[in-house]
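Chemist: Sharing a sequence plus its predicted fold:
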Amino acid sequence: MTGAERAKPLVLVAACALVDDSGRVLISQRPEGKPLAGLWEFPGGKLEDGETPEHGLIRELDEELGIAIAPSSLIPLMFSSFSYADFNLLMPLFACWQWSGDVTPKEGQALVWAAPAALQDYAMPPADEPLKGLLPGLLDCVRSASAGS
Ligand SMILES: Nc1nc2c([nH]c(=O)n2[C@@H]2O[C@H](COP(=O)(O)OP(=O)(O)OP(=O)(O)O)[C@@H](O)[C@H]2O)c(=O)[nH]1
């Protein structure tokens, strides 16, 4: 590990692959004026002090999308670890098939429901690149495991 990497703060971000009845996943476009503007990402955001990943994510999805999610509906799927220029990101990605309320872009953001394999066609933050290829198989795996239980 280099001295420069060690000097950066570790930022915890919780994100979610919301999956609709057709198996499509929701992605959201980062607005102009923010770092990585224009790129597509999984809804979610930075955890506040003392928050668990689940509760931070539930708060973010309420703020960003106007939906309510029970902690038990958040299924841990995978994580990303990536060193950005000014921080080290650690981002658990949950999957969720159940929520209440209609998905609404509360912050004026563009939203797209995309087939998991079609995420390859969207420009996403570098931290998300390794997740794209793994997502379709992992979602299938979790779906069949929960159907069998
Ligand atoms: N929600 C989300 N954030 C991601 C993803 N991939 C990724 O690198 N990130 C990074 O994780 C951070 C998420 O923070 P955020 O959305 O709460 O914060 P922000 O940059 O909008 O800034 P701010 O809330 O400090 O104003 C950003 O730096 C974002 O670029 C992703 O798929 N989803």
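Modeler: Now that the structure is in, tell me what you want to look at.
Chemist: Identify the residue nearest the residue in the chain positioned nearest to the ligand in space, chain neighbours excluded?
Modeler: Nearest to the ligand, among the residues of the chain, is G45, at 2.9 Å (C-beta to the nearest ligand atom). (C-beta placed from N, C-alpha, C; glycine too.) Of all residues not flanking G45 in the chain, E60 sits nearest, at 4.2 Å (C-beta to C-beta, 6 or more residues apart in numbering).
Chemist: ditto for L131
Modeler: Per C-beta to C-beta, 6+ apart, closest to L131 is S80, 5.8 Å.
Chemist: wait, what's in contact with the residue of the chain closest to the ligand?
Modeler: Contact analysis of G45 by C-beta atoms under 8 Å, 6 or more residues apart in numbering lists 13-15, 56, 60, 64.
Chemist: quick one: strands adjacent to the helix or strand containing the residue nearest to L131?
Modeler: Using DSSP states H and E, S80 maps to strand 75-83. In the sheet, strand 75-83 lines up against strand 88-96 (antiparallel) (DSSP bridges).
Chemist: Please identify the buried residues of the partner strand?
Modeler: The neighbour-count check on strand 88-96 (16 or more other C-beta atoms under 10 Å) flags 88-96 as buried.
Chemist: out of those, which touch the ligand?
Modeler: The subset of those within reach of the ligand, by C-beta under 6 Å from any ligand atom, is 89, 91.
Chemist: Would you mind listing what in the chain touches the ligand?
Modeler: Counting by C-beta under 6 Å from any ligand atom, the chain comes close to the ligand at 13, 15, 34-36, 41-42, 44-46, 89, 91, 125, 127-128.
Chemist: Counting neighbours, which of those comes out on top?
Modeler: Neighbour count (other C-beta atoms under 10 Å) singles out F42 as the most crowded of the residues of the chain next to the ligand, with 26 neighbours.
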